[in-house]
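S.K.: here's my sequence, what's the structure:
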Amino acid sequence: MRFALGRGAAMTLYVYAARPKATYGTKYGNNAVACVRKTYGTHDVLDPATLFDSHEHWEKRWPGLVASLDDFVLIPNPDGTIGKGCFDEYVTIRGLGISARLLVNEREFVDKFYVRKLDGGLSKTRFARVVAQ
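M.R.: Predicted coordinates:
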């Protein structure tokens, strides 16, 4: 997806704001994405709440989209949990060597963090917890 239009043309940079569906349309989620947009002012911030209209749509588009990402910001639920979809996105980008940051408290970026499954990953909506180091 990254194309230079001509000599001297700026290349578009993409950052993906990964977040659980439970944050879509909430004040918390909206504030978090706004923070990402402010921080990554020159990047196009891709928000899954507006990119995908269903899990099936995500499954079709994610494999092609991930290759165009320059950065990835993980926005967990306020309790620090993420669902299986966010977990899968995180595992994919790390496997491709794409940098990842964690956004906590709707405004603080953390570069060092880990993700661990909860209860063996039994719940798809509370699949893992993200912990800043």
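S.K.: ok, Gly41 to Leu13 distance?
M.R.: Counting by CB to CB, to the nearest Å, the gap from Gly41 to Leu13 is 11 Å. C-beta here means a position set from N, CA and C on the backbone, and glycine is covered the same way.
S.K.: the two: which is more packed in?
M.R.: Per other CB atoms under 10 Å, whichever of Gly41 and Leu13 has more neighbours is Leu13, with 15 against 7.
S.K.: dump the residue contacts of Asp70.
M.R.: Residues counted as contacts of Asp70 (CB atoms under 8 Å, 6 or more residues apart in numbering) are Leu13, Tyr14, Val15, His43, Ile98.
S.K.: go ahead and build a PyMOL selection from the buried members of the residues you listed.
M.R.: Buried residues among the contacts of Asp70 (16 or more other CB atoms under 10 Å), as a PyMOL selection:
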select buried, resi 14+15+43+98
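S.K.: among the contacts of Asp70, which are in helices?
M.R.: With helices defined by DSSP state H, no entry of the contacts of Asp70 lies inside them.
S.K.: in a markdown table, list the contacts of Asp70 along with distance to Val104 and pLDDT.
M.R.: Shown next, in a markdown table, are the contacts of Asp70 (distance: CB to CB, whole Å; pLDDT from 0 to 100):
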| residue | distance to Val104 | pLDDT |
| --- | --- | --- |
| Leu13 | 23 | 90 |
| Tyr14 | 22 | 95 |
| Val15 | 17 | 96 |
| His43 | 20 | 90 |
| Ile98 | 20 | 94 |
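S.K.: please dump the contacts of Asp70 into CSV; it should also carry distance to Asp71 for every row.
M.R.: As requested, these are exported to CSV (distance: CB to CB, whole Å):
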residue, distance to Asp71
Leu13, 8
Tyr14, 8
Val15, 4
His43, 7
Ile98, 7
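S.K.: quick one: the helices in the protein, in order.
M.R.: Using DSSP H, helices in the chain cover 27-39, 48-51, 55-66, 84-95.
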